[in-house]
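>>> only geometry, no sequence info:
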Ligand code: FES
């Protein structure tokens, strides 16, 4: 069996929603101290819905694929659902990641949560 699923390779080679949002409502940045990879997530939010999302990831193929898939999963979704997104759901949507690469998907979950916290801090809203 190939190490990475076709979906992982697709999202690594053609990542969706790469870039930044200058007037983002929430920005989250997280890193993994062990591998040194960094992920930054930008959210545009209207009426408690993520209307746009972009990411910048300086990291491995799994981290890039996880961020790309995570953005696809939360775009257009209400914040109440977005905050529940788990790294497991991201990995499943990618048709799996090797066990030793699961921590890469954790970055995506954490980056989104961090962006939501930033949004809450800026607006005083509770999600
Ligand atoms: Fe660092 Fe994948 S090896 S996030």
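Okay, I see it. Everything numeric in this text was worked out from a predicted model, so none of it was measured.
>>> who's in contact with stretch 112-127?
24-30, 41-43, 45, 48, 70, 74, 79-80, 82-83, 85 (CB atoms under 8 Å, 6 or more residues apart in numbering). Bear in mind the C-beta positions are built from the backbone N, C-alpha and C, glycine included.
>>> repeat that for 6 Å
25, 26, 27, 28, 30, 41, 43, 79, 83 (CB atoms under 6 Å, 6 or more residues apart in numbering).
>>> from these, which single one is nearest residue 18?
Here the nearest of the contacts of stretch 112-127 to residue 18, counting by CB to CB, is residue 41; it sits at 11.5 Å.
>>> ok, the closest one to the ligand distance?
Taking CB to the nearest ligand atom, to the nearest Å as the measure, residue 41 falls 14 Å from the ligand.
>>> Three-state assignment for that residue, please.
Using DSSP: H, G, I helix; E, B strand; the rest coil, the structure places residue 41 in strand.
>>> who's it bridged to?
Bridge pairing for residue 41 (DSSP bridges) gives the partners residue 28, residue 55.
>>> buried ones among the contacts of stretch 112-127?
25, 26, 27, 28, 30, 41, 43, 79 (16 or more other CB atoms under 10 Å).
>>> per-residue pLDDT of the last one, please?
This means residue 79. Looking at residue 79, its pLDDT stands at 98.
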